[in-house]
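Here's a sequence, model it:
(one chain, ligands or ions: 1)
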Amino acid sequence: MKISIKLKFSLFLAALLLLVVFFLSLLVLQGIKSNQQNQYEQYLSQQAKTANTYFIQRILSEENKVPQTFLSAKGQEFARQLESISGQTLVLYDKQGKLISKKVTDTESDRIKHALDYALDNKTAYLVIEDSLYYLTPLIAGNEQLGVIQFYYSLSEHQSFYNNIRQLFIYIGAIVFFLSFLIGNIYFNAFASGIIKLDKMVDKIREGHYATTILKRRDEIGKLSQGIHAMSGQIQKTIQGLKEEEVKLTLAVNKLSQLDIQQKQFIGNVTHEFKTPLTSIKAYIDLLEMYPDDEALLQTAITNIKSETGRLYEMVDKVLQLSALEKYDFELKLEKLAVKQILETVINSLKGRMDKFGIKLSAELRDIYIEGDKDSLVIVLINLLDNAIKYNKTNGQIFVKTYELRYQVFIEIADTGIGIPEELVQKVFEPFYTVDKNRARENGGAGLGLSLVKKHTESMGGSVSLLNTGMEGTSFKITFPAITDEA
Ligand code: ADP
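Numbering: from 1, shown residues only. Below you'll find the model as predicted:
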């Protein structure tokens with residue numbers, strides 16, 4: 001069973017005060033008892049003295065002055081007179097312990113007989129039976145003991161006084177106990193409420209709620225609440241940190257497994273893409289071996305082998321570039337690049353191909369500058385413009401636009417070509433991904449161009465995205481941090 005701290009403290013205080021009252025009452029009652037004893041001892045010894053003096057006076061007033069004779073003749077009368085003088089019931093014994101006066105109280109009990117024997121030896125004895133006190137004192141004349149006077153003294157008044165005081169102490173004890181329990185309860189309430197609050201705080205922390213409050217107290221409880229608050233904050237931070245680490249770790253694991261899959265896919269793709277032109281070349285060589293004199297076959301073989309080796313060469317070149325970009329030690333020769341000039345050069349180099357397909361190019365070029373690697377930028381632009389030609393319609397159009405906005409420069413290359421299906425806009429940046437395998441192959445593409453564009457752009461601190469795509473064509477946007485003309 002759980003006993004609250006408040007109850008424990010209150011009970012402790014009440015018990016402590018009750019103990020104090022108990023010991024105090026013991027002392028007081030003991031004092032009362034010994035005081036009462038002193039009082040009646042003094043009183044009875046005074047009575048004994050008076051009795052003895054009166055006895056001597058009576059003997060002296062007698063003609064026959066022999067005390068024994070007086071006692072045996074007038075013992076009863078003397079006892080009665082003594083009773084009226086002292087106001088005390090008494091019994092008179094002679095020297096042999098024989099009863100002289102009339103029997104008024106119990107003189108037969110063993111204990112009284114025993115006390116009488118003691119008193120006959122010239123000593124004072126008294127004994128208490130219930131609320132009665134029997135005081136036995138020697139009756140003396142001169143130096144001779146002539147008998148014993150036994151006073152009977154009622155203790156009922158003393159006892160009732162003593163009992164009243166004891167009763168009072170019991171009441172006081174009960175009142176002290178209840179009052180101290182009540183006051184203790186009220187006093188410890190404030191103290192215990194702090195502990196209860198701390199207990200609730202700890203429970204909440206255990207359940208994962210870390211919002212705690214600092215109790216405005218200037219005692220140890222207030223200090224403890226500060227400690228709990230600080231600890232809770234620390235736990236929250238640690239757990240938060242652990243969670244963040246967990247998320248990062250999960251992301252890293254996912255990325256690693258994704259990379260692993262991508263790598264396997266990449267190797268699979270490389271093998272597959274390389275195999276196709278090699279198979280075609282091998283087939284022509286086999287045919288030429290079989291028909292070495294077939295002139296038409298020779299011409300077709302030369303054309304096809306030339307185009308396939310060209311494709312292979314281009315593929316090997318791009319794969320090498322991609323793997324070089326994957327390496328950490330790939331070094332960029334960063335310098336200030338005038339984008340406009342580089343674009344114009346690239347456009348010029350592609351003019352022949354554009355004319356071949358009747359494609360018109362309109363450019364709106366501003367003088368913008370970036371910090372980058374010239375070869376990388378050329379690769380990016382060539383690939384994007386080459387795609388804009390390859391996937392354009394006959395007599396289509398290409399728009400090239402460069403501009404600067406809020407410390408960023410933008411290069412937009414748009415075409416009026418076949419477009420890319422909306423759901424594949426992210427896929428096209430993956431190595432070897434082609435929307436239409438046949439069309440890509442016809443154009444000598446193997447799905448590596450856009451991967452190279454992405455990698456090169458990002459290595460120079462830029463980004464590439466597909467702005468629009470669909471039936472009206474495609475438009476790519478490249479973003480780089482701008483550098484000022486003076487830089
Ligand atoms: P590829 O060498 O085959 O052109 P890329 O990586 O450059 O490879 O392009 C991936 C695929 O994205 C292409 O096969 C093509 O289907 C599509 N694509 C790229 N650019 C364009 C464009 N301007 N218009 C339409 N489709 C494009």
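
In a helix, residue 434, correct?
No - read with DSSP: H, G, I helix; E, B strand; the rest coil, residue 434 is coil and lies in no helix.

Let me see the ranges of the helices in the stretch 301-450 of the chain.
Listed in chain order, the helices of the stretch 301-450 of the chain (DSSP state H, counting those that start in this stretch) span 339-349, 351-356, 374-390, 437-442, 449-459.

of all these, which lies closest to residue 195?
Among the helices of the stretch 301-450 of the chain, the nearest to residue 195 by Cβ to Cβ is helix 449-459 (59.6 Å). Just so you know, the C-beta spots here come from the backbone N, C-alpha and C atoms, and that holds for glycine as well.

Quick check: buried residues in the helix or strand just after that closest one?
Toward the C-terminal end, the helix or strand that comes next after helix 449-459 (DSSP states H and E) is strand 463-468. For strand 463-468, a neighbour-count test (16 or more other Cβ atoms under 10 Å) marks 464, 466 as buried.

With stretch 291-300 instead?
By 16+ other Cβ under 10 Å, stretch 291-300 has no buried positions at all.

in terms of contact, does residue 88 touch residue 151 like I think?
Yes - between residue 88 and residue 151 there is a contact at 5.2 Å, judged by Cβ atoms under 8 Å.

Please enumerate the shared neighbours of those two.
In terms of Cβ atoms under 8 Å, 6 or more residues apart in numbering, residue 88 and residue 151 are both contacted by the residues residue 47.

Show me what stretch 33-45 is in contact with.
Here stretch 33-45 makes contact (Cβ under 8 Å, 6+ apart) with 124, 126, 133, 135, 137, 151, 153, 155, 158, 161, 162.

Residue nearest the middle of this structure, spatially speaking?
Nearest to the geometric centre of the chain sits residue 205, at 3.4 Å (Cα atoms, centre = their mean).

Can you name the residues that contact it?
Residue 205 is in contact with 212, 228, 232, 235, counting by Cβ under 8 Å, 6+ apart.

and if we set it to 7 Å?
Counting by Cβ atoms under 7 Å, 6 or more residues apart in numbering, residue 205 touches 212, 232, 235.

just these now: which is nearest the ligand?
residue 235 (50.3 Å; Cβ to the nearest ligand atom).

and the angle from the helix or strand the closest one falls within to helix 449-459?
Taking DSSP H and E as the criterion, residue 235 maps to helix 220-290. If you take axes from the mean of the first three to the mean of the last three Cα atoms, to 10 degrees, helix 220-290 sits at 140 degrees to helix 449-459.

Tabulate the helices of the stretch 301-450 of the chain (a markdown table), appending mean neighbour count, mean pLDDT and distance to the ligand.
Below are the helices of the stretch 301-450 of the chain laid out as a markdown table (neighbours: other Cβ atoms under 10 Å; pLDDT from 0 to 100; distance: least, Cβ to the nearest ligand atom, whole Å):
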| stretch | mean neighbour count | mean pLDDT | distance to the ligand |
| --- | --- | --- | --- |
| helix 339-349 | 16 | 95 | 15 |
| helix 351-356 | 12 | 92 | 14 |
| helix 374-390 | 21 | 93 | 3 |
| helix 437-442 | 13 | 71 | 4 |
| helix 449-459 | 21 | 91 | 3 |
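
Find the residue ranges of the protein scoring beneath the pLDDT cut-off.
Applying pLDDT under 70 to the chain picks out residues 1-2, 102-108, 326-331, 440-441, 443-444, 484-487.

Would you mind naming what in it lies close to the ligand?
Proximity of the chain to the ligand (Cβ under 6 Å from any ligand atom) is limited to residues 383, 387-388, 391, 415, 417-420, 428, 433-436, 440, 445-451, 474.

Narrow the contacts of residue 205 to just the buried residues.
By neighbour count, with 16+ other Cβ under 10 Å, the contacts of residue 205 hold 212, 232 as buried.

What ranges does the stretch 101-250 of the chain have for its helices?
So, for the stretch 101-250 of the chain - with DSSP H, counting those that start in this stretch - the helices run 110-119, 156-207, 220-290.

now the second one: how far from the chain's centre is it?
With Cα atoms, centre = their mean, to the nearest Å as the basis, the distance from the averaged C-alpha position of helix 156-207 to the chain average is 34 Å.

what do you get for the longest one?
Per Cα atoms, centre = their mean, the displacement of helix 220-290 from the mean C-alpha position of its chain is 34 Å.

Could you figure out how far the strand or helix carrying residue 57 is turned away from helix 156-207?
In this structure, residue 57 sits in helix 5-61 according to DSSP H and E. Here the directions of helix 5-61 and helix 156-207 differ by 170 degrees (the same axes, to 10 degrees).

Please work out the residue of the stretch 151-300 of the chain nearest to the ligand and name it.
The stretch 151-300 of the chain approaches the ligand most closely through residue 273 (10.2 Å), counting by Cβ to the nearest ligand atom.

Setting the sequence-adjacent residues aside, check what's closest to that residue.
Beyond its immediate neighbours in the sequence, the residue positioned closest to residue 273 (Cβ to Cβ, 6 or more residues apart in numbering) is residue 446, lying 5.0 Å away.

Burial check on that neighbour, number of neighbours?
Residue 446: 26 surrounding residues under other Cβ atoms under 10 Å.

ok so, going back, and the contacts of stretch 33-45 as a markdown table, adding distance to residue 337 and neighbour count?
Formatted as a markdown table, those follow (distance: Cβ to Cβ, whole Å; neighbours: other Cβ atoms under 10 Å):
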| residue | distance to residue 337 | neighbour count |
| --- | --- | --- |
| 124 | 135 | 16 |
| 126 | 131 | 20 |
| 133 | 130 | 19 |
| 135 | 134 | 25 |
| 137 | 138 | 23 |
| 151 | 137 | 23 |
| 153 | 132 | 19 |
| 155 | 126 | 17 |
| 158 | 123 | 19 |
| 161 | 119 | 12 |
| 162 | 117 | 15 |
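
From these, which land in strands?
Among the contacts of stretch 33-45, the members found in strands (DSSP state E) are 126, 133, 135, 137, 151, 153.

Report the beta-bridge partners for the second one.
In this case it means residue 133. Beta-bridge partners recorded for residue 133 (DSSP bridges): residue 128, residue 153.
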